[in-house]
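Chemist: predicted model follows, preceded by the sequence.
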Amino acid sequence: MSVKPLVILPDPILRRASEPVSRVDDALKRFTDDMLETMYDAPGIGLAAIQVGEPLRIVTIDLSKEDDPEKAPQVFLNPEILSSSDERSVYEEGCLSIPDYYAEVERPAKVTVRYLGLDGKTHEIEADGLLATCLQHEIDHLNGVLFIDYISKLKRDMVIRKFSKASKRGGA
């Protein structure tokens with residue numbers, strides 16, 4: 001496994017829609033292992049393939065804590081939200097591609113997601129709480145949407161300006 005470099009705002013690839021995964025093979029499994037390694041190294045709880053420069057519809061998530069080994073790392077290939085609850089929830093979100101910036105984002109409290117697993121089979125999951133938020137955040141990445149798109153235009157423009165200046169200076 002290897003840690004891949006993260007794509008950082010304002011890189012335009014973050015606004016690119018990702019392509020579906022066409023088949024599950026050993027190369028794809030190695031890539032998802034690299035994604036997990038990169039996510040842990042960052043450290044983060046979710047990562048979309050586009051964040052390491054690969055425009056593929058792949059998401060990795062790990063919400064486990066040392067005191068909760070029941071939850072294992074999860075890989076979602078071609079995830080799509082089938083339904084969302086009318087009930088809303090607010091979480092403070094951050095993003096590995098927008099380091100050290102956090103904002104409260106309101107999203108549906110529950111979602112049902114269909115995805116392809118590494119076993120090559122189609123699965124469905126009903127998620128609430130942090131998992132629902134994380135899935136929505138990462139699926140947004142696959143569609144070229146960032147969590148800052150949910151905050152006010154004024155705040156979003158300030159964040160984009162800050163990262164654009166840092167990029168021009170040679171570091172985020």
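Modeler: Received the coordinates, thanks.
Chemist: go ahead and confirm Tyr101 touches Glu93.
Modeler: No - counting by CB atoms under 8 Å, Tyr101 stays clear of Glu93, with 9.5 Å between them. Just so you know, the C-beta spots here come from the backbone N, C-alpha and C atoms, and that holds for glycine as well.
Chemist: of those two, which one has the most company?
Modeler: Taking neighbours as other CB atoms under 10 Å, Tyr101 and Glu93 compare with Glu93 leading, 22 against 17.
Chemist: show me what contacts the nearest residue to Ile98 once chain neighbours are set aside?
Modeler: Leaving aside its sequence neighbours, Ile98 sits nearest to Leu9 (CB to CB, 6 or more residues apart in numbering; 5.0 Å). With CB atoms under 8 Å, 6 or more residues apart in numbering as the criterion, the residues that contact Leu9 are Ser97, Ile98, Leu146, Val159, Ile160, Phe163, Ser167, Ala172.
Chemist: ok, now Leu116?
Modeler: Contacts of Leu116 by CB under 8 Å, 6+ apart are Val21, Val24, Phe76, Leu77, Asn78, Thr122, His123.
Chemist: swap in 7 Å and give it another go.
Modeler: Residues in contact with Leu116 (CB atoms under 7 Å, 6 or more residues apart in numbering) are Val21, Leu77, Asn78, Thr122.
Chemist: closest to Pro43 out of those residues?
Modeler: When the contacts of Leu116 are ranked by distance to Pro43 (CB to CB), Leu77 comes first, at 22.9 Å.
Chemist: re the thing from before, which two of the contacts of Leu9 have the greatest separation?
Modeler: Leu146 and Ser167 (15.1 Å).
Chemist: of those two, who's got more company?
Modeler: Counted by other CB under 10 Å, Leu146 and Ser167 do not tie: Leu146 has more neighbours, with 20 against 14.
Chemist: excluding sequence neighbours, find me the nearest residue to that one.
Modeler: Leu14 (6.4 Å).
Chemist: give me the three-state assignment for that neighbour.
Modeler: helix (DSSP: H, G, I helix; E, B strand; the rest coil).
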